[in-house]
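Peer 1: Attaching a predicted model along with its sequence, questions to come.
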Amino acid sequence: MPAITWDSKISAVAGSAAAKIEKAFGYRTVGELLTHYPRRYIDKGSVSDLGSL
């Protein structure tokens, strides 16, 4: 397998998922994908007591 660099095409790394990534974000290279910072996220690290929900 060839080395993966910032300029590698996502399609060479992610296969069929690359089309979804390109359509959703417009990214074509690994570097573009790695420098994507989401605007929001769900914190799944905190545990809640079920009784308090």
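Peer 2: That came in fine, so what should we check first? Numbers count the residues shown, from 1 in each chain.
Peer 1: how much space between Thr29 and Ala18?
Peer 2: Distance of Thr29 to Ala18, computed by C-beta to C-beta, to the nearest Å: 11 Å. To be clear about C-beta, it is placed using only N, CA and C from the backbone, and glycine gets the same treatment.
Peer 1: what residues are up against the residue minimising distance to the centre of the chain?
Peer 2: What sits nearest the mean C-alpha location of the chain, by C-alpha atoms, centre = their mean, is Leu33, with 6.4 Å. Counting by C-beta atoms under 8 Å, 6 or more residues apart in numbering, Leu33 makes contact with 10, 21, 25, 27.
Peer 1: any weak-confidence spans in the protein?
Peer 2: 1, 53 (pLDDT under 70).
Peer 1: those strands in it, which residues are they?
Peer 2: Assigned by DSSP state E, the chain shows no strands.
Peer 1: Longest helix in the protein, by number of residues?
Peer 2: helix 17-25 (DSSP state H).
Peer 1: Output it in CSV, but only the C-alpha positions, please.
Peer 2: Extracted in CSV, the C-alpha atoms of helix 17-25 (Å, rounded to 0.1, in the frame of the first residue of the first chain):
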residue,chain,number,x,y,z
ALA,A,17,-17.4,6.5,1.5
ALA,A,18,-15.3,9.1,-0.3
ALA,A,19,-18.3,10.0,-2.5
LYS,A,20,-20.4,10.9,0.5
ILE,A,21,-17.6,13.0,2.0
GLU,A,22,-17.0,14.8,-1.2
LYS,A,23,-20.7,15.5,-1.7
ALA,A,24,-21.3,16.6,1.9
PHE,A,25,-18.2,18.8,2.4
